[in-house]
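# Sequence first, then the predicted structure:
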Amino acid sequence: MALVTNSTTSKNNNYRAVTIKNFRNLGLNHETSIVINRSIEREQLGNVVIIVGQNNSGKSNVLDAIEVASTGKREERDIPDRSLSGADLIPTVKFDICDGKNNYLDYRDSVQAERSEDAAMSFAVRFNIEPVMEDEHYHELIDKVLEYFVLNGGEGRSEKAKSLSSKKDPSSSLSFIISVYNGELFVSILGKEDADYLYKRMGEIMTFLPTEPIVKRLTSKKQKVITPEESSFEEEYGYKLVPNIIRYREVVIRNEDLVCDPSDRNKFIKRILKFIIATKEVDAAYGIEDPDERLRVLKDLESVLNKRLSTVADEFNHLKMDDRFSYHFELCLELDRIEFSLKMGTIDLVLDKQSTGFRWFFNFFFNLIIGKPLNDGDIVILDEPATNLHVSGQMELKRFLQRYSKKLNITFIISTHSPFFIDCDYLDEVRVVRRIADGSSVIEDKFSVIDPTNPDQMDNILRSLTIGRNVLINSNNPCIYVEGITDYNYLVAFKLLLGISDITFIPINGVGSNEEERQTIIRKLLNIDRRPVLLADGDRNGYAMRRSASKTGLKVVTLSDIDTKFRTIESLFTISEQIKFDIRNKGWNNSSNFKHNILENSDMISDSTKENFKKVIMYMIRNHEKR
């Protein structure tokens, strides 16, 4: 099973991710991964992932690769540029699911680990990619070979291959069969020319195991084959193992789409009626033969449907988040037409004459929010959304997507150049696509400021967005650097829970283990911030950092300075909470999930723990003000 790289450790391998190798400019020779979710629990799948990167770094390539993970369709342009790789490389894209255990099921070669009551399965779902060349002759030959082996019970030299090629075992793959049967058999089936051609073509896809199973290829292509593994996963976790991955592409809705003939309804009107569960009622009303009776029923129904539509308008206004205006929608059911009207107060609006930003919102809402059936675990891709929205509109859209993702347990993946989609309280949402020395690109998932390989890790985010630090960090708020990502997640979690907005926490990657490392960290913080404040643990390393910084401009506060009972961030929790929330697990995936779900879990957190965090946060605010 491929483990996610880029700062993921054994403590942080509960995830859903897309792993990419040799896809255009991504992951050449060594795979790179983008973590989609830091948990596979259904109620923790609601998430927003923000992809940033400098121009031509490969952000769109990442989105395309994620889409390939769903469709399995590879194009010729997905093959890496030979000038970058120095060789002909075959792209691979995998959708990986892991629950942190060593035992797993691997779809690639159907290896299933033993399962016990207390050991859950881990999964690596592999989607094979279609060959580079696509032609009918190739597929005709495959179908002919597959049909031969099914009908003849897998004649050939290998008993194992013979068994696998039977109808009873759908796990058999054409590439495996070809790899164990001799060439003479294929020549006898296909003829020398076609056999040679098939061998040549199979060499292109031998790394993609399995190809489509025999049984599946000989049945209807529309038929969904549910494997026992998929069934057991859905039973255990409550959502499908293989998610729907939806690429949102804006479809412009025009004024002419808001009206239609009752007997020839357009997509927009159909979508509205379906969403408010009115299709059958409208069909029945228009089916009444007497015109007078039909009109009476239509008007009665119109009143009922507009009450339902008011909830749609409420959701639209909630998304739009513009207190100056409130919009509502109405359906008009006439004998000769069905019309959807858009109003602001009592004023009828012409959709085509509204601002570009408003129309983007309208299209997004009606094409995606109410236009697509979204299920738990689904993934929605947005490429450079809302570029026409003003700053506050972009920020509110981001907050809406956070709320909406939680509501439906889905994940939005956003590629953007806009800094207004980045929130310092949610740096763990950010993935940076970065070019490296050989010209290829990798995906980075670390967001701490201090890192041995790049002392200012946040610099990658800032350079990706071509902005200064002041754009992301409110200069009016105290900015407190904290010792690690876990500390950052827990402090921000309680900041959000307590409703404290006038402080910013930024993580660094530890306080160093020797004087040289500590001095490097101090110098970098002083370059970043004129009067930096660092909150460290009340342990040996924390005290050592305070001594090292004593004659510099860096002020170091330890947790023990605030309260002698506090030593590490985990000590602020009660013992029972440490067990219940797995707080002692230092993996930052765990602390990130805790932060993202703290509002929903507020009732499960003791008052004493809330008071402990409030004491630390308020101390740091007051301490900073005194500087």
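Perfect, thanks for sending it.

# quick one: contacts for Asn593?
Arg38, Ser39, Gln44 (CB atoms under 8 Å, 6 or more residues apart in numbering). All C-beta atoms are positioned from the backbone trio N, CA, C, and that covers glycine.

# isn't there a helix covering it?
Yes. Counting by DSSP: H, G, I helix; E, B strand; the rest coil, Asn593 is located in a helix.

# from the contacts of Asn593, which would you call buried?
Buried members of the contacts of Asn593, counted by 16 or more other CB atoms under 10 Å: Arg38, Ser39, Gln44.

# quick one: which of these is nearest Ser475?
Nearest to Ser475 out of the buried ones among the contacts of Asn593 is Arg38 (CB to CB; 30.4 Å).

# Need the pLDDT of the residue lying closest to that closest one once chain neighbours are set aside.
Leaving aside its sequence neighbours, Arg38 sits nearest to Asn589 (CB to CB, 6 or more residues apart in numbering; 3.9 Å). On the pLDDT scale, Asn589 is placed at 82.

# any idea which element Asn589 lies in?
helix 588-596 (DSSP states H and E).

# hey, C-alpha coordinates of the helix or strand containing Met545 in PDB?
In this assignment (DSSP H and E), Met545 forms part of helix 540-548. Output in PDB follows, covering the C-alpha atoms of helix 540-548 (Å, rounded to 0.1, in the frame of the first residue of the first chain):
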ATOM      1  CA  ARG A 540      13.200  21.200  29.200                       C
ATOM      2  CA  ASN A 541      13.200  22.300  25.600                       C
ATOM      3  CA  GLY A 542      10.800  25.200  26.300                       C
ATOM      4  CA  TYR A 543      13.000  26.500  29.100                       C
ATOM      5  CA  ALA A 544      16.100  26.100  26.900                       C
ATOM      6  CA  MET A 545      14.500  28.200  24.200                       C
ATOM      7  CA  ARG A 546      13.600  30.900  26.700                       C
ATOM      8  CA  ARG A 547      17.200  31.000  27.900                       C
ATOM      9  CA  SER A 548      18.500  31.200  24.400                       C
END
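
# what does that helix rub up against?
By CB under 8 Å, 6+ apart, helix 540-548 touches 483, 510-513, 515, 518-519, 521-522, 534, 536, 556, 558-560.

# at 10 Å instead, please
483, 510-515, 517-519, 521-522, 534-538, 554-561, 567-568 (CB atoms under 10 Å, 6 or more residues apart in numbering).

# Of those, which belong to strands?
Leu534, Leu535, Ala536, Lys555, Val556, Val557, Thr558 (DSSP state E).

# Tell me where the stretch 401-550 of the chain has helices.
458-465, 469-472, 485-498, 515-528, 540-548 (DSSP state H, counting those that start in this stretch).

# Tabulate these (a markdown table), appending mean pLDDT, distance to Arg271 and mean neighbour count.
Shown next, in a markdown table, are these (pLDDT from 0 to 100; distance: least, CB to CB, whole Å; neighbours: other CB atoms under 10 Å):
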| stretch | mean pLDDT | distance to Arg271 | mean neighbour count |
| --- | --- | --- | --- |
| helix 458-465 | 62 | 35 | 20 |
| helix 469-472 | 60 | 38 | 14 |
| helix 485-498 | 94 | 35 | 23 |
| helix 515-528 | 90 | 50 | 16 |
| helix 540-548 | 94 | 58 | 17 |
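
# I'd like to know which of the ones you listed lies nearest to Tyr15.
Comparing the helices of the stretch 401-550 of the chain by CB to CB, helix 485-498 comes nearest, at 15.2 Å.

# and that closest one, how far from the chain's centre?
Counting by CA atoms, centre = their mean, to the nearest Å, helix 485-498 is centred 22 Å from the centre of its parent chain.

# cool, and stretch 575-587?
Distance of stretch 575-587 from the chain centroid (CA atoms, centre = their mean) equals 26 Å.

# How about stretch 238-245?
Its chain's C-alpha centre and that of stretch 238-245 lie 13 Å apart, by CA atoms, centre = their mean.

# Which elements pack onto the helix or strand hosting Ser303?
Element membership for Ser303 (DSSP H and E) is helix 291-320. Under the contact criterion of 3 or more CB pairs under 10 Å, 6 or more residues apart in numbering; DSSP states H and E, helix 291-320 touches helix 267-275, helix 279-286, strand 327-333, strand 338-344, helix 356-364, helix 391-408.

# so Tyr488 sits right up against Phe494, yeah?
No. Assessed by CB atoms under 10 Å, Tyr488 is found out of contact with Phe494, at 11.5 Å.

# what's the overlap in contacts for those two?
With CB under 10 Å, 6+ apart, Tyr488 and Phe494 have common neighbours Lys595.

# Excluding covalently adjacent residues, which one is nearest to Lys343?
Closest to Lys343 by CB to CB, 6+ apart is His328, at 5.4 Å.

# Ala493 now?
Leaving aside its chain neighbours, Ala493 sits nearest to Lys595 (3.9 Å; criterion: CB to CB, 6+ apart).

# list the contacts for that neighbour?
425-426, 428, 488-497, 588.

# any weak-confidence spans in this structure?
Along the chain, segments meeting pLDDT under 70 span 1-13, 72, 74, 82-88, 100-186, 197-231, 321-323, 446-472, 625-627.

# Outline the domain layout of it.
136-245, 248-369, 473-625 (automatic domain parsing).

# quick one: the last one to chain centroid distance?
Chain-centre distance of domain 473-625: 27 Å, with CA atoms, centre = their mean.

# Quickly note the distance from the closest residue to Asp352 other than its chain neighbours to Leu305.
Closest residue to Asp352 apart from its sequence neighbours, by CB to CB, 6+ apart: Asn255 at 4.6 Å. Distance, Asn255 to Leu305, by CB to CB, to the nearest Å: 21 Å.

# Over to Gly53?
Counting by CB to CB, the gap from Gly53 to Leu305 is 46 Å.

# neighbour-wise, which of those two wins?
Shown here are Gly53 and Leu305; by other CB atoms under 10 Å, Gly53 has more neighbours (27 against 21).

# So that one is in contact with Leu63, correct?
No. In terms of CB under 10 Å, Gly53 does not count as a neighbour of Leu63; the distance is 11.3 Å.

# mind listing what Glu429 touches?
47-51, 398, 402, 412, 414, 421-423, 447, 592, 596.

# Same question for Ile522.
By CB under 10 Å, 6+ apart, the contact set of Ile522 is Val511, Gly512, Pro532, Leu534, Met545, Ser548, Ala549, Thr552, Gly553, Leu554, Val556.
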